[in-house]
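A.B. asks: Return a 3D structure for these sequence lines:
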Amino acid sequence: MFKPARMKKLRIITLDKYADSAVNSLHEAALVQIEDISERIQQDAEWRQILKPSSASPFTGKISSLLMKTSSTVDFLNSMARKEKGILPLVKGFINPPPIEKVEVEALAVQDLIKKAEETLGEVESQTKPKEEKLSQLESSRTELENALKVAQNLINFDIDLALLEGSEYVSFITGKIPTESYDSFKGNLKDITDKIVLFDRESEEKGFKTLVIVTLKKYSDDVFGQLRKLEFERFEFSGLEGKPSEIIPKSEREIQFIATEKESVLNDLADISEKWLKELIGLKEQLEIEKQRNEVFSSFGETENTKMFEGWVPEKKLKETLVTIDTSTEGHSIVDVSDPDVDKDKVPVKLDNPRFAKPYELFVNMYSPPDYREFDPTILMAIVFPFFYGFCLTDAGYGILNTIMGFVIYKGLGKNSKLMANMGLILIACGAWAFILGMVTNGFIGDLFPRWILGGSALPTTIAQIDAFKHPEIILYLALIVGAIHINLGLLIGAYNNITRGDVREALGAQIVWFVLEIGLVLLAALYLTTGSLMTAGIIGGIPLIIGLTMLIYFNGAFGIMDLTGFLGNLLSYARLLALALSTGGIAMTVNILTGLVGNMIPYVGIIIAPIVFIGGHIANLSFQSLGAFINALRLHYVEFFAQFYIGGSQKFRAFRAKRKFTDIGGK
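C.D. replies: The predicted structure follows:
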């Protein structure tokens with residue numbers, strides 16, 4: 001607690017024949033982060049004499065190929081699956097999504113898995129390929145018919161068999177439509193090309209256009225078409241059409257409808273295939289992904305003629321389980337060297353080790369940067385302070401209740417299938433609880449809805465009069481600054497501890513302890529002046545630590561260290577944003593309430609209908625924006641003001657070699 005988990009470094013040597021078994025067991029157990037030592041072997045002459053870099057399994061290429069094919073098949077069948085339409089299924093899926101049903105699979109050797117994948121994909125393809133080809137044919141036919149329909153509709157005013165417009169060896173037909181305002185210009189330009197031309201025109205069904213059929217000698221067709229292109233002419237491309245437009249239109253419409261019916265039948269068949277195979281294929285895809293990871297990890301190893309060697313990291317708490325797993329999987333034919341990390345040379349991966357209530361907040365710490373292996377882990381403090389800051393930014397009990405309900409819905413809904421969403425739900429519940437508590441004591445419940453409109457102007461019975469946000473916002477400001485001072489000083493204390501434990505006392509004095517000295521001077525100065533009324537006494541006693549602090553600031557940080565005073569003051573004043581957001585939340589909520597009353601009272605008849613819309617819409621918008629603002633600013637106060645006092649970070653997160661089984665179970669485990 002307050003420190004990352006203690007890590008142990010492992011070096012494992014085992015016989016070739018047990019390497020697969022060891023890798024598979026460690027992959028399923030998710031205990032060890034495996035390091036890549038291939039580069040070290042190439043660069044270190046001593047290691048190079050003993051070992052050579054290992055390579056990925058020879059089955060890797062085949063597994064990758066099958067995985068790509070399986071993924072594309074899964075995507076296709078997923079697109080063909082029957083899905084409920086409408087907003088209700090969408091909402092239901094958010095509130096109460098069905099749990100993921102896992103497929104029970106066997107632990108197969110790589111050759112057996114390849115054989116299973118090939119057989120399964122072959123069987124599925126034999127069922128889907130004819131259907132895909134049929135769909136492609138139907139789509140091609142539909143496109144041709146739609147083009148024919150479009151041409152016939154454009155030529156509906158020409159009572160002529162379209163087969164006659166195909167052209168011949170000497171005669172060319174150009175058919176299309178032209179803007180009406182360009183028609184006269186085109187006719188004038190034709191005289192400059194040839195007089196051996198016949199032009200038929202009709203008003204187009206589309207307003208502002210004329211439909212043209214132009215007959216000319218083949219040798220003039222390019223020149224004529226060149227003139228037409230300058231005038232936004234749209235040519236009708238068609239071939240193989242027979243019959244008059246009035247005959248083609250109903251025929252094409254009938255055939256398009258028939259194709260739609262046939263396509264629906266094929267899609268239903270594919271939906272049935274999807275229902276039968278999709279779940280199994282998703283499980284197969286996961287198996288192939290896991291096997292691909294196992295085959296690729298060997299490229300991180302070193303090897304001799306008969307052995308494999310690899311290195312890794314394991315949390316000290318998991319060391320015993322790891323040793324048993326390795327010993328069992330290799331039948332005792334392995335050597336494991338366990339050592340403590342060299343924190344100055346090794347890049348020690350960091351695994352945060354926090355109690356259950358703080359686990360969700362590891363997301364925020366890792367999002368900023370995992371802490372250094374030797375430094376303080378701020379997750380527990382963040383788990384306590386972040387929801388409080390969020391609640392402070394809202395200070396509205398009604399909004400707090402809504403946030404808590406939303407958090408509970410996310411936790412019980414999307415959180416069932418997603419650890420990330422479960423964590424976000426728990427965080428939102430805690431944030432909503434603090435918003436409710438602070439709203440109840442500061443007289444905020446959906447703005448002034450309850451105090452003014454429900455309780456007739458009286459404050460909430462739980463309100464502490466001195467911190468009523470609607471009467472004493474200045475007190476809320478003082479509280480925000482006090483909270484900020486405590487938060488920053490806590491960060492300074494942690495920073496001093498980190499520096500001292502690393503032996504960097506000078507950094508502790510110049511970066512953290514100096515501020516404690518200055519603060520002591522300011523507190524003494526203010527306290528003595530307020531109690532004695534003597535500025536001289538306060539100045540003499542309080543001035544001593546102030547002078548010492550300023551001297552330390554310049555000594556350890558140079559002349560420009562004085563500039564840090566404004567930075568420290570800026571950090572402290574940043575906590576005033578807690579008040580700003582609290583007031584904006586209450587102020588906008590109160591405005592929505594006032595507008596609701598005005599609409600209801602001043603607009604005859606429909607006002608009583610519009611008022612609830614204004615009330616609900618206004619408060620939903622306010623809740624959304626203010627909740628987002630509270631989240632961002634609570635996070636900012638940690639990242640910028642708090643972490644700046646002590647946090648180093650920059651480590652790599654511990655990532656166990658893990659078989660991610662979301663859709664499969666081995667033997668029902």
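A.B. asks: How about residues contacting stretch 616-630?
C.D. replies: With CB atoms under 8 Å, 6 or more residues apart in numbering as the contact definition, stretch 616-630 has outside contacts at 389-391, 393-394, 399, 402-403, 431, 435, 446, 581, 584-585, 588-589, 591-592, 595-596. C-beta: built from backbone N, CA, C; applies to glycine.
A.B. asks: any weak-confidence spans in this protein?
C.D. replies: Across the chain, residues meeting the criterion (pLDDT under 70) sit at 191-195, 667-669.
A.B. asks: max-length helix in it?
C.D. replies: Of all segments of type helix in the chain, defined using DSSP state H, the longest is helix 245-297.
A.B. asks: how far is the following helix or strand past that one from where the chain is centred?
C.D. replies: Downstream of helix 245-297, the first helix or strand assigned by DSSP states H and E is strand 302-303. A distance of 38 Å separates the C-alpha centroid of strand 302-303 from that of its chain, computed with CA atoms, centre = their mean, to the nearest Å.
A.B. asks: could you say what helices and strands strand 302-303 packs with?
C.D. replies: Using 3 or more CB pairs under 8 Å, 6 or more residues apart in numbering; DSSP states H and E as the contact criterion, the secondary-structure elements in contact with strand 302-303 are strand 52-53, strand 307-315.
A.B. asks: Mind putting these into CSV with distance to I476?
C.D. replies: As requested, the helices and strands packed on strand 302-303 are arranged in CSV below (distance: least, CB to CB, whole Å):
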stretch, distance to I476
strand 52-53, 63
strand 307-315, 44
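A.B. asks: Buried deepest among these, which one?
C.D. replies: With neighbours taken as mean count of other CB atoms under 10 Å, those reach their highest mean count in strand 307-315, at a mean of 22.
A.B. asks: what's the helix or strand just after that one in contact with?
C.D. replies: Along the chain past strand 307-315, the next helix or strand (assigned with DSSP H and E) turns out to be helix 319-329. Counting contacts by CB under 8 Å, 6+ apart, the residues outside helix 319-329 that touch it are 8, 10, 12, 14, 18, 21-22, 24-26, 29, 31-32, 314, 334, 336, 338.
A.B. asks: What residues of helix 319-329 count as buried?
C.D. replies: For helix 319-329, burial by neighbour count (16 or more other CB atoms under 10 Å) applies to 319, 322-323, 325-326, 329.
A.B. asks: go on, stretch 485-493?
C.D. replies: Judged by neighbour count (16+ other CB under 10 Å), stretch 485-493 contains these buried residues: 487-493.
A.B. asks: Show only the entries of these found in strands.
C.D. replies: Taking DSSP state E as the definition of strands, the buried residues of stretch 485-493 contribute nothing to them.
A.B. asks: From one end of stretch 174-188 to the other, what's the distance?
C.D. replies: Here the two ends of stretch 174-188 are set 17 Å apart, with distance taken as CA to CA, to the nearest Å.
A.B. asks: centre of the chain versus that stretch, how much separation?
C.D. replies: 54 Å.
A.B. asks: cool, and stretch 552-565?
C.D. replies: A distance of 42 Å separates the centroid of the chain from that of stretch 552-565, by CA atoms, centre = their mean.
A.B. asks: Kindly report the same for stretch 22-30.
C.D. replies: For stretch 22-30, the separation from the chain centroid amounts to 29 Å (computed by CA atoms, centre = their mean).
A.B. asks: Check stretch 241-251 too.
C.D. replies: 53 Å.
A.B. asks: contacting residues around it?
C.D. replies: Where contact means CB under 8 Å, 6+ apart, the residues beyond stretch 241-251 that reach it are 148-149, 151-153, 155-156, 158-163.
A.B. asks: which of these has the most neighbours?
C.D. replies: Compared across the contacts of stretch 241-251, L155 has the highest neighbour count, 28 neighbours, by other CB atoms under 10 Å.
A.B. asks: How many residues are close by the spatially closest residue to it that is not a sequence neighbour?
C.D. replies: Using CB to CB, 6 or more residues apart in numbering and skipping residues adjacent in sequence, the residue nearest L155 is P245, 4.7 Å away. By the criterion of other CB under 10 Å, P245 has 21 neighbours.
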